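Trainee: here's a sequence, model it:
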Amino acid sequence: MHTQAKPPWKASTSVLICYADSVIETDRTSLPLLRQLLDGPLSSLSSIVHVLPFWRSSSDGGFAISSHDELEPRFGDWEDLAALSRGRLLMADLVLNHVSASHPWVHQCLQDEEPGRSCILQASPDPCWSDVVRPRSSPLISRLAGRTGSKHVWTTFGPDQVDLNWQEPEVLRHFNRLMQRLFSHGVGWLRLDAVGYVWKEPFTSCIHRPQAHAIVEVLRLLQKAHYPAGAVVTETNVPEAENLSYLQSGREAHLAYNFPLPPLLLEASQSERCDLLNRWLAGWPNLPDGTNLLNFSASHDGVGLRPLEGLMDQPRLLQLLAGCEQRGGLISHRRLSDGTEVPYEINISWWSAMADPGRDPTRWQRERFLLSQRFKLALPGVPAFYLPALLAAPNDTARFQASGHRRDLNRPQFKAATLQHQLQDPEQDASSNIAQLQYAMGQRANLPALEPDAPMRVLSTGRSDLVILERGLAHARLWAIHNFSSTRQSLVLASLWDASTPQEWIDHLNPAGTVKTERQLELEPFGVYWISNR
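Mentor: Model prediction:
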């Protein structure tokens, strides 16, 4: 088994996900504005900052990259990116599967010039591609017009995102050069975007091919050679076993996005039933040394539904979809090989998703939200926060209506002056969220039981009201208790530890450090408690 003596994370490590232009101000580039925010109230929640694609792009929130040499001018330049990394590490996307239709390689391909002619994946519509797994409903093959006539190119994610030909060595050489430039500007962690799709073969599903795994392994070796303290993170929004396949050898990714967590956590928070969440937690995977999971809820994408395959039945799924639509969300679909369209992801802001379905949407909203975020901190692995969720951003219906892109419901921008005012007011949801989670992260950093690689045992299997997790071993154990209901409950503490265990205990969250001797714990609605023996 592959081992790594010192993984590049610890209990104080967390990832903050944000766009380069999350914070805006007229006549100013956005990266310096983001730096001001991160250096201030968000400093303890951003030891790793995932800045979503910052290069020149033509669409898809930056994921249709037009040039790997230049940043989008309204964001800033390479020096602004390096400045953002001071005091923290950055995580950047390697968008391996495709480039924008406006990328120089595509223009070269259409003019029969190298290297574009070899680096762009050309393929004609053919029955040999009938088994391809699709993430979108757009055409798999697109025809583009060029100087010497039209050409058919592969477009997994849409006509403005043209797939690369990874059989051409220049593609790997290009990304190796790009990695070195990123490392020299403060990037230490690499997110391999949609890496499962990079290798195509006729009469296959064209996802998770052995060559795709080999590419991840090669990229990790290159990363180790240039920046050994960094990490490679795979992003594969697919069923759980497929997602974990990038960790199992111990030679590929350091971390994989924990994709079943967001939909299961969302469903439990809305339905107040955590039976499915408990059942899933009880099957937590045993991973090779030096690997782990990135635990997230909200992100810049929708809440993926493919990871629920085998974990949630159709009636519960339909209730989840209806509950999100009731809260202003939308459902995006993908097309199967037989032409059928099925739900693929939920597009909704995490803050709106935590709203109450009754007359008062704010009832328990803050409590539900904090439960969902603290829950990640109790799990093995590395927690990740999405900036708009921390800032209590509701569905951005104006942005969606302007663009027509459903994911824009959850991709808001914040005016710098307005945001500064909100964060100075402790009564604002954004200010309260950040203060509560800063406190929790501070406690987590000093609790050995909550180290990312510490063992976990689920004590609430079969329950639908509580999730109780035991972390750590022997005298360093901690019990993380989560009330997923809107009613107060009592928990007899003897059910957690045996009679020989000392009866004095401490709750590290509410407030920390107070020694208690009560034999039962009163749980507030959507309350979270980190209990350890004195």
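
Trainee: export stretch 295-313 as CSV, just CAs?
Mentor: C-alpha atoms of stretch 295-313 as CSV (Å, rounded to 0.1, in the frame of the first residue of the first chain):
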residue,chain,number,x,y,z
ASN,A,295,-16.2,17.4,2.6
PHE,A,296,-18.3,20.2,1.1
SER,A,297,-22.0,21.1,0.9
ALA,A,298,-22.4,24.2,-1.3
SER,A,299,-20.2,24.8,-4.3
HIS,A,300,-20.2,26.8,-7.5
ASP,A,301,-22.0,24.0,-9.2
GLY,A,302,-25.4,22.5,-8.4
VAL,A,303,-26.0,19.8,-5.9
GLY,A,304,-25.2,16.7,-7.9
LEU,A,305,-27.7,13.9,-8.0
ARG,A,306,-25.7,11.1,-9.6
PRO,A,307,-23.9,10.4,-6.3
LEU,A,308,-27.4,9.5,-4.8
GLU,A,309,-27.6,6.4,-7.1
GLY,A,310,-28.1,3.4,-4.8
LEU,A,311,-28.5,5.7,-1.7
MET,A,312,-31.9,7.3,-2.1
ASP,A,313,-35.1,5.8,-3.5
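
Trainee: how far does the worst-scoring helix or strand of the chain on mean pLDDT sit from the chain's center?
Mentor: Across the helices and strands of the chain, mean confidence by mean pLDDT, DSSP states H and E is lowest for strand 515-516: a mean of 86. Put simply, strand 515-516 sits 37 Å off its chain's centre (Cα atoms, centre = their mean, to the nearest Å).

Trainee: now whatever helix or strand comes next after that strand - C-alpha only, CSV.
Mentor: Note on strand 515-516: by DSSP states H and E, the next helix or strand toward the C-terminus is strand 520-523. What follows is strand 520-523, C-alpha atoms only, in CSV (Å, rounded to 0.1, in the frame of the first residue of the first chain):
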residue,chain,number,x,y,z
GLN,A,520,-28.2,13.9,30.0
LEU,A,521,-27.7,16.5,27.3
GLU,A,522,-30.6,18.8,26.3
LEU,A,523,-30.4,19.2,22.5
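
Trainee: I'd like to know which elements strand 520-523 is packed against.
Mentor: Counting contacts by 3 or more Cβ pairs under 8 Å, 6 or more residues apart in numbering; DSSP states H and E, strand 520-523 packs against strand 478-483, strand 489-492, strand 528-533. For every residue, glycine as well, the C-beta is placed using N, CA and C.

Trainee: buried set for it?
Mentor: Neighbour counts over strand 520-523 (16 or more other Cβ atoms under 10 Å) mark L521, L523 as buried.

Trainee: again with stretch 278-292
Mentor: N278, W280, L281, W284, L287, P288, G290, T291, N292.

Trainee: tell me the two of those residues that are most distant?
Mentor: Largest separation among the buried residues of stretch 278-292 by Cβ to Cβ: N278 and G290, giving 28.1 Å.

Trainee: neighbours of H475, how many?
Mentor: 10 (other Cβ atoms under 10 Å).

Trainee: am I right that it is in a helix?
Mentor: Yes: the assignment for H475 by DSSP: H, G, I helix; E, B strand; the rest coil puts it in a helix.

Trainee: ok, for it, nearest residue in space, not its chain neighbours?
Mentor: N533 (7.4 Å; Cβ to Cβ, 6 or more residues apart in numbering).

Trainee: so what's that neighbour bridging to?
Mentor: Assessed by DSSP bridges, N533 has beta-bridge partners W505.

Trainee: so it touches W505, yeah?
Mentor: Yes: the pair N533 / W505 is scored as a contact, 5.5 Å apart, by Cβ atoms under 8 Å.

Trainee: okay, these two: which has more neighbours?
Mentor: The neighbour comparison of N533 against W505 (other Cβ under 10 Å) goes to W505, with 21 against 17.

Trainee: who touches that one in this structure?
Mentor: Counting by Cβ atoms under 8 Å, 6 or more residues apart in numbering, W505 makes contact with L493, V515, K516, T517, I531, S532, N533, R534.

Trainee: quick one, strands of the stretch 51-200 of the chain?
Mentor: With DSSP state E, counting those that start in this stretch, the ranges of strands along the stretch 51-200 of the chain come out as 55-59, 64-71, 89-95, 98-100, 141-146, 149-154, 161-163, 187-193.
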